[in-house]
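Peer 1: Quick one, what's the 3D model for this:
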Amino acid sequence: MKCVVIALTCGLIAGSFGVSPGLLLNPVMMVFGVHTVVGVSTVMYAVLFTTMATSFIAVVEDLLNPQYGIVVIIMTILGTYPGILQQNYIIEAYKRNSIIVSIFTFCILFCMIMIPYLNCNLLSKMD
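Peer 2: I've put the predicted structure just below:
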């Protein structure tokens, strides 16, 4: 029941604020003690359906930029395998999942600070 409630909450937050469900669910899977590769694979499988639904809506609303999408897909493919290898190395070297959760937390905080900052600078240059 905890998994259902957490997944529903993460889905609502992801849908409401436009963040990836993987960003929210990966740390949760690690807290539950799921092996990193299994957790990431499971979450990415779930994110696949969210992405397909969002992409479908974007195509219907004519909001999809195909060139941008291709670049994002290529960069994602290139970054996934080295990222999983790096996670495995960190977990096996330190025998703790909390380091990965800390890295996720840092990434979230970094984005929370940098996105508004960059957006303000971009808007001021447009004036």
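
Peer 1: From here on, just use CA atoms for contacts and neighbour counts.
Peer 2: Noted.

Peer 1: Helix or strand: which one has Gly33?
Peer 2: Using DSSP states H and E, Gly33 maps to neither a helix nor a strand.

Peer 1: Give me the nearest residue to Gly22, chain neighbours excluded.
Peer 2: Val43 (5.7 Å; CA to CA, 6 or more residues apart in numbering).

Peer 1: which residue ranges form the helices in the chain?
Peer 2: 2-17, 21-31, 36-60, 66-94, 98-126 (DSSP state H).

Peer 1: Let me see the confidence value for the residue most central in space within the chain.
Peer 2: Geometric centre of the chain, nearest residue: Leu23, 3.6 Å, by CA atoms, centre = their mean. Looking at Leu23, its pLDDT stands at 74.

Peer 1: Nearest residue to it in space, ignoring adjacent ones along the chain?
Peer 2: Phe104 (7.5 Å).
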